[in-house]
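Peer 1: coords below, sequence missing:
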């Protein structure tokens, strides 16, 4: 398996993986471990609450989107290092049975001035449900090695 | 169990919960489900990699910090709604056996102009290890109900 390098990436590049299902069992299991609020893991209480039923923890959706990224491995085996996340918003609830689509787009590519053997890419990730409604989005700054250590 | 409302919160308020342990078993279990990269779940490969051993997925640490928040429940039973996260950075790796301390501080409180029965609080969360080294930090904007719907 080969990998992509900083020189291979340009603004506007985008990709989408296969959609995945958020099951009720997974939503409750994650929430029970990491976000045990009634709206995420108690069907009865959630049914009487503001969302009218269980919704996924936002941290669960985030983790599941990371799994989709690892499975898709869009940069091959190039070692990447997540540096920061901004503008992370949960726009709409995700419910059991929702099918999730993830789209990533490169919005910035920068060579490091002090360390020209690497750089950063800024990615906008947009997560939608089966109705095309955006449920979550965030920007992710990732360090990526360059193929040539001297900028062209 | 009672709850706090927007009027009860002021800039500079801070709190810390009891520290918690990140075990190797938990690190590998989370990574196997959500972030199955060798540096998070393969001790042999991780030992030969840049970190010299397994490190926790950043998304795992984030989820675990959410659990600490739910357990601590600093606002009581007041319904809160996470709106966005910014400046999320992973500064240093977290390794099996690390003990994690979470400190949260209110850095902004705003009443909604259009809907004065609610407002937002902006929290800076700083996550450190047993040596006092900051390993992760982020800002979290949360919607919170006001006790009085008319601003004082």
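Peer 2: Received the coordinates, thanks. None of these values were measured; they are calculated from a predicted model. Numbering: from 1, shown residues only, chains lettered A, B, ... in the order given.
Peer 1: for residue A:47, what are its contacts?
Peer 2: Residues in contact with residue A:47 (C-beta atoms under 8 Å, 6 or more residues apart in numbering or on different chains) are residue A:53. Glycine gets a C-beta too; all of them are placed from N, C-alpha and C.
Peer 1: Wait, a helix at it?
Peer 2: Yes - counting by DSSP: H, G, I helix; E, B strand; the rest coil, residue A:47 is found in a helix.
Peer 1: and it, how far is that from chain B?
Peer 2: Distance from residue A:47 to chain B, counting by C-beta to the nearest C-beta, to the nearest Å: 15 Å.
Peer 1: do the same with residue A:135
Peer 2: 13 Å.
Peer 1: three-state assignment of the closest residue to that residue other than its chain neighbours?
Peer 2: For residue A:135, ignoring the flanking residues on the chain, the nearest one in space by C-beta to C-beta, 6 or more residues apart in numbering or on different chains is residue A:92 at 4.7 Å. Assigned by three-state DSSP, the conformation of residue A:92 is coil.
Peer 1: What are the boundaries of the helices in chain A?
Peer 2: A:24-34, A:38-41, A:43-48, A:58-72 (DSSP state H).
Peer 1: helices or strands up against the first one?
Peer 2: This points to helix A:24-34. In terms of contacts (3 or more C-beta pairs under 8 Å, 6 or more residues apart in numbering or on different chains; DSSP states H and E), helix A:24-34 is packed against helix A:38-41, helix A:58-72, helix B:58-72.
Peer 1: Identify each buried residue in stretch A:16-24, please.
Peer 2: Of the residues in stretch A:16-24, A:17, A:20, A:22 count as buried by neighbour count, 16 or more other C-beta atoms under 10 Å in any protein chain shown.
Peer 1: got the residues of chain A near chain B?
Peer 2: Neighbours of chain B within chain A, by C-beta under 8 Å from any C-beta of the partner chain: A:30, A:33-37, A:50, A:57-60, A:62-64, A:66-67, A:70, A:79, A:82-90, A:138.
Peer 1: Can you say which of those residues are buried?
Peer 2: Of the residues of chain A next to chain B, these count as buried by 16+ other C-beta under 10 Å: A:30, A:33-37, A:57-60, A:62-64, A:66-67, A:82-86, A:88-90, A:138.
Peer 1: For residue A:17, give me the pLDDT.
Peer 2: Note for residue A:17: predicted pLDDT of 89.
Peer 1: Distance-wise, check it relative to residue B:56.
Peer 2: To residue B:56, residue A:17 is 24 Å away according to C-beta to C-beta, to the nearest Å.
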